[in-house]
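Trainee: I need the structure of the sequence given here:
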Amino acid sequence: MPRRERPLDTEDSELGHFAADLRRLREKAGNPPYRDLAVRAHYSAAALSEAANGRKLPSLAVTLAYVEACGGDAGEWEERWRSIGSPPAPVDESPYAGLAAFQPEDADRFFGREKLTAKLLDLVGARRFTGVFGASGSGKSSLLRAGLVPRLDHAVVFTPGARPLDECAVRLASVLGESAVVLRDELTADPANLGLRIRQWNPDLVLVVDQFEEVFTLADPAAREWFVQALTSCPRVVIGVRADFYGHLGRHPELVDAVDGGQLIVGPMTTDELRRAITAPALRVGATVETALVTRLVADVTGQAAALPLVSHALVETWARRRGMTLTLAAYEEAGGLEHAVARTAEAVFGSLADEQQTVARQIFLRLIALGEGTEDTKRRVRREGLDAEVLDRLAAARLVTLDRDGVELTHEALIRGWPRLRDWIAEDRAGLLVQHRLTEAAAAWDAVGGDPDALYRGVRLAQARDLPDGSLTATERRFLEASIDLDLAREAGVRRRARRMRVLVSVLTVLVVVLTGTVVYAVRLAGESARQHDRVVAGRTVSGLADLIASDPAKAVRVALAAYTIAPGDDTRDALLNADAARRKAPVEVPRDESKVGSDFSPSGRFLTRAGEKSNWMWDNAKGRDRSELLPRQERAWARISADDKRMVVTNLDTYVAQLWDISDLDRPRQTGVLPRPFSVDAVSRSGEVVVGAGMVDWPQPPGSRATERPSLVRDSKAHIWDLHDPRQPREVVLPRENAGTPALRPDGRLLVLPLRQDHWTGETEIEFWQVDTEQPQLLNTMWVKDNLGSVMAFSQDGRFIAVRDELRKKIVVWDVADPRSPVRWAELPESSHVALLVEFGGHQVAVGADSEVQVWDVERQDAPVLLGSFGGLVEQLTALAYRPADAMFVGLDRTVSMWSFRTTVDAVRSNLCMEHDIELDEVVWESYFPDVRRRSVCP
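Mentor: Next comes the predicted model:
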């Protein structure tokens, strides 16, 4: 007896009716087994059974074979098949959003997040400040815009961009019916005016800030600080933040306070939610989705929190290839599926462009990338001005970019992950992109202040920017660069004019020597000064263009730089020599490849280099030139903190935050001496390793739909914890009685703790406490209020006398003398080399400040008189670690390519070492090519 067929899942759809009628036709034919039907139809029994299961539309050939085997009318069924399988009308709009986020007007086609939307509404109703966190691509923006905003009576939604103040003014002005310019001036005067104006208009207005992470990736510190203060003054706020920027909120105690207890995590959709998100938009417009396609999509997406834009885009492409009003598995596979749909769309659009347009498209895409510093690369919004309108329209038509009145941005960051060509472009010239992005920002700032010459480029930055292809510049950037070059040439011309005047004066005085022989000595002096002026101009011009040679041939570059310094000692020739020396000494480090690295760091002594990754952990002994990775766990993410005496080590599991204590005084026989009894995040270790400070780790709320077996995420508890490890078998913990503490700094001897606390928004002052922690119970020695917008205590000097504190608003490093913590002395101010990914290290009375591709080394021996010993620019590709190595009396750094850099600042020592080498002198031909009309001389004493 033939087996009964499985009931149809799609009986209420056009495809379901088609399959049901096929089954009825077979019943009229006597319900023959599919094996018998296969003999008549000349198709397999499986193919015929699948034709009537309603999961997908069978091919026309299989349909007609089925019908004829059952005695049906082939012509009638062919007409019916073609009505279902006919191509779509080109004017039909897709019910899916694609890569773009759902907007408030899309609320009626936003499905699958009903439960999460209800939970968010409850949270917003009960809380003044709510944080929505999730991975890129988890659907945060759609939840906020299409889920939350349409259900609120009064809401303003926007993204902060690079200028959150302007965005606030424009968006709020449209609601209040006022001038955005007037409102901006009012908000500039006091951030608290934002909350005041909202309360005056309607205290129930909810300010919804999507993509809040842009304040960390695009806005400068001053704009970020203003925005944080303004938001925390508002009556009701919701922020959407990418999960990997959660830790950045901890830099602002007021944000930590605000989101405490008001956090919602956007996790992966459940299977039922995903099915609804796939099928409901199609049903809404009278279409159906094959069961086979739903099953395949659910299988492709399950467990991926960041795949929703890819699903939506794949469905848009499947919709474009649908049969009638049915989305089929075959169309999905033709579009490239979840993994390749985005890439195929991008490649198709890119391939349709002419060669010149492809070059323009590449430049546009790269402008829209904000390079990550310890986080994934993100999108950024740029002005449309100067960008090719035709190419932009082509990209926008394919929904790869989104245009508004004057800006453009990637439709979604999923394009960065899903399009290999774009990833390759970014990887090919990451350093060049940094130069390009800085030029964009500098040109915009210069244009905004009316072309102020003080805002123009000079020196190393100008040399780097001049290497950018002219075709990659906008009109504003080109004007900015040309003005910078003109100013630089004018300076050189001025120097040459002064030199010519000297020579003319010398000639006149020489003639007068017949009458006034006493002027001979003066003339000779002037002649010497004229020659020196000429030499300085030539040497300066040579080193200003030395960046390419340093990168391509550092061995030759160091010889040229040494000659330039010999000819005309000065800051520019000194820096050129030190940069060439650093490039020549660059040493690639062989580490296991792990693209998902967590980070790298040096031990305080500079001897050990550790690197943590998702798949492997690595440790290198610089003193012995030996891999010591066996000291670290292999199968878990782990971070190692080593004491300055290189004898103790704390190894923390970055998933559980269990901290193990190790004795590594004998590296060949390491011993585990204990384990901390509670989850702990280590911030600092004393020189002896007997005291560690940091934060306790507490559970993050489980995301909706998570499995009970999943381990909860852990976050810092915003308290300062101190562990006494004199007896590592019985560690003793003390928690300072403070809430919302910043990152503590520990004096190397383990006796003094410096703890930054919250900032007073009315006075602009920040509280810093000094604690003596080598007693049974810590004692508060002093509380210091400083009138700065301070970020954190960056470093302690090795002797414990100085601390370096970052003033984020003014972009300075402030050095304090804390030899007497009861009476700290403001010692020196250092300008930051950049405001991104700052690293600070002390070496005696020297301070190294590193960021991006720059490192500056300062001498702070004299109060209020810091001396720049060396500036290293454009060498390092994203600095990730910095340390002082006392054994070699120099700073060392590590970059994202895992190359070791040595930053020597003692010019005499560099020169002495170089002069011990062979062939350091330039031959006559090379000398003349770099130093025309300059007397050749020996570069070694």
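Trainee: would you map out the domains in this structure?
Mentor: With domains defined by automatic domain parsing, the chain comprises 14-85, 113-266, 337-427, 597-735.
Trainee: how far does the last one sit from the chain's center?
Mentor: Averaging C-alpha positions (Cα atoms, centre = their mean, to the nearest Å) puts domain 597-735 25 Å from its chain's average.
Trainee: what ranges of the stretch 651-800 of the chain fall below the confidence cut-off?
Mentor: Residue ranges of the stretch 651-800 of the chain with pLDDT under 70: 700-713, 758-765, 787-793.
Trainee: before we move on, the earlier item: want to throw the domains of the chain into JSON lines with mean neighbour count and distance to residue 876?
Mentor: For every residue, glycine as well, the C-beta is placed using N, CA and C. Converted to JSON lines, the domains of the chain look like this (neighbours: other Cβ atoms under 10 Å; distance: least, Cβ to Cβ, whole Å):
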{"stretch": "domain 14-85", "mean neighbour count": "17", "distance to residue 876": "55"}
{"stretch": "domain 113-266", "mean neighbour count": "19", "distance to residue 876": "20"}
{"stretch": "domain 337-427", "mean neighbour count": "17", "distance to residue 876": "13"}
{"stretch": "domain 597-735", "mean neighbour count": "18", "distance to residue 876": "13"}
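Trainee: the ones you listed: lowest mean pLDDT?
Mentor: Among these, domain 337-427 has the lowest mean pLDDT, at a mean of 77.
Trainee: show me how far that domain is from its chain's centre.
Mentor: Centroid separation for domain 337-427 versus its chain: 17 Å, with Cα atoms, centre = their mean.
Trainee: also stretch 36-53?
Mentor: For stretch 36-53, the distance from its own C-alpha centre to the chain's C-alpha centre is 56 Å (Cα atoms, centre = their mean).
Trainee: show residues contacting it.
Mentor: 5-6, 8, 19, 22-23, 26, 33-35, 56, 58, 62-63, 65-66, 68-70 (Cβ atoms under 8 Å, 6 or more residues apart in numbering).
Trainee: what's the answer for stretch 59-66, then?
Mentor: 22, 25-26, 37, 41-43, 47-48, 51-52, 58, 74, 77-78, 81-82, 85.
Trainee: out of these, list just those in helices.
Mentor: 22, 25-26, 37, 41, 47-48, 51, 74, 77-78, 81-82, 85 (DSSP state H).
Trainee: and these, which is closest to residue 253?
Mentor: Nearest to residue 253 out of the ones in helices among the contacts of stretch 59-66 is residue 85 (Cβ to Cβ; 61.9 Å).
Trainee: what about the strands in the stretch 401-550 of the chain?
Mentor: 401-403, 407-410 (DSSP state E, counting those that start in this stretch).
Trainee: what about the closest residue to residue 281 other than its chain neighbours, which SS state?
Mentor: Among residues not flanking residue 281 along the chain, residue 95 sits closest, at 3.8 Å (Cβ to Cβ, 6 or more residues apart in numbering). With DSSP: H, G, I helix; E, B strand; the rest coil as the basis, residue 95 sits in coil.
Trainee: quick check: residue 95 touching residue 284?
Mentor: Yes: contact criterion Cβ atoms under 8 Å: residue 95 and residue 284 qualify, at 6.1 Å.
Trainee: quick check: neighbours shared by these two?
Mentor: Common neighbours of residue 95 and residue 284 (Cβ under 8 Å, 6+ apart) are residue 109.
Trainee: what helix or strand is residue 391 on?
Mentor: Taking DSSP states H and E as the criterion, residue 391 maps to helix 389-397.
Trainee: kind regards, and thank you for your time.
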